[in-house]
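K.L.:
quick one, what's the 3D model for this:
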Amino acid sequence: MRTHLRTGSRGLTALAAGTVAVVAVALLPGSAGAAETSPVGYGAGTTGGGSSAAVTVTSLDAFKTAVTGTAAKTVKVSGIISLSGQVDVGSNTTVLGVGSSSGFTGGGLRLKNSTNIVIRNLNISKPVAPADGITVQKSTKVWIDHNTFSADRDHDKDYYDGLLDITHASDQVTVSWNTFKDHYKGSLVGHSDSNASEDTGHLHVTYHHNYFNNVNSRIPSLRFGTGHFYDNYVVGASTAVHSRMGAQMLVENNVFRSTEVAITTIRDSDEDGYVVERGNDLGGAATEISQVGTLTQAPYSYTAEPASSVVSSVTGGAGAGKIQGLSFGSGRAPALVGVRPAAGPAATRRRSGASPSA
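P.N.:
Numbers count the residues shown, from 1 in each chain. This next block holds a predicted model:
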């Protein structure tokens with residue numbers, strides 16, 4: 001991987017900072033870690049299988065059959081299923097893990113030319129290359145929530161592929177309350193510098209309340225698209241948030257620890273990205289922001305809790321096994337295990353009437 005730092009007239013900012021920017025706050029209604037029954041962010045409106053009757057599977061063959069096609073369907077995965085490569089998931093599908101220890105190992109799921117898919121409460125581990133843990137490709141309306149992604153760093157960085165990659169003009173995606181751990185390449189959004197003709201105007205992705213622990217880079221790496229990264233907790237990264245090839249990112253109220261570079265716009269591509277940064281607790285990490293962006297407000301309603309409460313909320317609420325009574329489409333909010341309401345000044349509430357494609 002080539003890494004080059006460029007300075008000069010664009011006014012590169014490379015600051016090691018330990019202070020937290022002050023933002024306006026309002027009271028957060030309910031628990032800071034309340035499990036949503038529908039996604040917040042660019043993936044809003046995703047319903048997956050809706051209220052369709054659930055089928056429970058325990059084998060790879062049964063899972064492949066259950067997720068095929070475009071009819072509304074809800075598939076519950078019970079136990080760990082080993083696989084090689086990836087399984088294609090059809091449109092209008094909800095995939096739920098049963099309990100805290102269900103999911104896939106050795107490969108992953110692919111959402112290709114699909115729409116309206118929900119993936120929740122799965123453990124997805126050790127996706128051997130060229131498989132990603134989850135690949136979202138040419139797909140829209142996707143919600144990836146409360147999953148645990150993991151590998152190890154005992155192998156070469158290319159032995160496993162990405163934990164979650166979103167590519168080829170995919171759009172309207174929310175990634176929330178997941179854990180990503182022990183991996184080199186976390187989450188890539190936009191796969192190539194040469195794919196502008198397909199990706200420009202797409203790749204709108206929200207990441208919130210995710211826990212990245214011992215993930216080296218791509219937290220996320222975004223080309224061409226529009227990203228909102230808020231209330232995430234990042235520990236042990238070399239390079240975390242990376243905006244490149246003209247991408248616009250709003251990065252707010254996150255916490256970084258034991259991280260070398262929290263935010264960069266300048267590495268590995270011929271064109272820099274753009275970032276608006278506010279309210280983050282950098283924990284001494286550097287920033288490399290060559291271009292301040294225009295995405296100062298996300299085009300949807302959301303509640304961003306302050307960085308001071310993020311560690312407690314995210315470590316208590318992110319990952320598989322943290323939501324009980326999963327009944328997506330029932331209209332009842334699942335309970336969140338082990339997370340108490342946040343105390344004190346809790347959140348920045350923001351709303352914009354702009355179009356999500358802006």
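K.L.:
residue ranges with poor pLDDT in the stretch 201-350 of the chain?
P.N.:
Applying pLDDT under 70 to the stretch 201-350 of the chain picks out residues 324-350.
K.L.:
does Thr140 really touch Thr174, like I thought?
P.N.:
No - between Thr140 and Thr174 there is no contact under C-beta atoms under 8 Å: 11.8 Å. Just so you know, the C-beta spots here come from the backbone N, C-alpha and C atoms, and that holds for glycine as well.
K.L.:
which one's more surrounded, these two?
P.N.:
Neighbours around Thr140 and Thr174, counted as other C-beta atoms under 10 Å, are more numerous at Thr174. The numbers are 27 against 22.
K.L.:
contacts only, for the more buried one.
P.N.:
Thr174 sits next to 39-44, 46, 142-145, 205-206, 208 when contact means C-beta atoms under 8 Å, 6 or more residues apart in numbering.
K.L.:
list the buried ones in stretch 276-292?
P.N.:
Across stretch 276-292, burial judged by 16 or more other C-beta atoms under 10 Å covers 276-283, 285-291.
K.L.:
adding distance to Arg257, write the contacts of Thr174 out as CSV.
P.N.:
Output for the contacts of Thr174, formatted as CSV (distance: C-beta to C-beta, whole Å):
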residue, distance to Arg257
Pro39, 27
Val40, 25
Gly41, 24
Tyr42, 27
Gly43, 27
Ala44, 30
Thr46, 31
Val142, 29
Trp143, 27
Ile144, 24
Asp145, 24
Val205, 23
Thr206, 22
His208, 18
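K.L.:
what about those, which one has the most neighbours?
P.N.:
Neighbour counts for the contacts of Thr174 (other C-beta under 10 Å) peak at Ile144, which has 31 neighbours.
K.L.:
from what I can see that one touches Ile134, true?
P.N.:
Yes - at 6.4 Å, Ile144 counts as touching Ile134 under the criterion of C-beta under 8 Å.
K.L.:
overlap of the contact sets of these two?
P.N.:
Between them, Ile144 and Ile134 share the contacting residues Ile119, Leu164, judged by C-beta under 8 Å, 6+ apart.
K.L.:
so which of the buried residues of stretch 276-292 belong to strands?
P.N.:
When the buried residues of stretch 276-292 are checked against strands (DSSP state E), the matches are Val276, Glu277, Arg278, Ala286, Thr287, Glu288, Ile289.
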